[in-house]
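Student: need a 3D model of the following:
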Amino acid sequence: MFLDDNPSAPDEATDMVDEPIVGGHHELPGPNGSGTEVIGRLARLEYFLSRRLLAQLEGFGLSVGEFGVIAALRRSGPPFRQSPQQLRTQVLITAGGLSNRISRLEAAALVVRRPDPDDRRGVLIELTEKGLTVVEAAAERHIATEHALLTPLSAAERRQLAALLRKLMLLHEPAVAGR
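Tutor: Have a look, this model is predicted:
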């Protein structure tokens with residue numbers, strides 16, 4: 001419900017973002033709070049969604065960031081190997097942050113560092129058999145969790161929401177190499 005809508009519509013449920021906005025409408029002059037309603041809900045949803053996704057990954061001993069790395073390697077297809085630079089563009093992290101994640105994944109025997117045959121100074125990160133098993137099981141649970149999180153939305157609503165979020169992402173995300 002946006003402030004320029006009827007805030008007292010009896011058949012519309014309210015959430016934790018409604019009260020400060022509707023209550024503050026009389027206190028704060030200016031344009032309607034529709035931006036605050038959207039950003040507030042996105043921020044709160046990010047919190048709730050992240051906690052659910054993190055809880056689902058904990059059973060695999062993974063953080064969300066570590067899962068992102070091994071999922072990127074899995075998506076690359078056999079031999080499930082990429083350079084750190086390729087991984088960085090996919091998981092959007094600094095070189096130091098990626099190095100830390102790779103070290104933790106390597107300590108858990110989920111990835112190995114291999115010399116790059118095309119660059120004597122380079123290294124490639126490769127999923128191990130254990131890493132492949134873990135990422136496939138974690139991805140299956142991850143996808144099921146995502147589906148459960150979106151059950152209140154119809155297929156058409158999911159497509160519409162995805163399109164609207166893509167529109168915002170294209171405005172704000174860093175330019176991806178090759179686009």
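
Student: state the helix or strand in which the closest residue to Ser83 other than its chain neighbours lies.
Tutor: In this structure, Ser83 finds its nearest non-sequential neighbour in Leu124, 5.8 Å apart by Cβ to Cβ, 6 or more residues apart in numbering. Every residue, glycine included, has its C-beta placed from N, CA and C. Taking DSSP states H and E as the definition, Leu124 sits inside strand 119-127.

Student: so which bits of the very next helix or strand once past that strand are buried?
Tutor: Per DSSP H and E, the first helix or strand lying C-terminal to strand 119-127 is helix 129-149. Within helix 129-149, the residues that qualify as buried are Gly131, Leu132, Val134, Val135, Ala138, Ala139, His142, Thr145, counting by 16 or more other Cβ atoms under 10 Å.

Student: what about Arg166, how many residues close to it?
Tutor: Per other Cβ atoms under 10 Å, the neighbour tally for Arg166 reads 11.

Student: for the longest helix seen in the chain, packing partners?
Tutor: Counting by DSSP state H, the longest helix found in the chain is helix 34-58. The contact analysis (3 or more Cβ pairs under 8 Å, 6 or more residues apart in numbering; DSSP states H and E) places helix 34-58 against helix 18-24, helix 64-75, helix 129-149.

Student: list the contacts of Asp116.
Tutor: Ser83, Gly122, Val123, Leu124 (Cβ atoms under 8 Å, 6 or more residues apart in numbering).

Student: and the residues you listed, which is closest to Ser154?
Tutor: Among the contacts of Asp116, Ser83 lies closest to Ser154 (Cβ to Cβ), at 41.0 Å.
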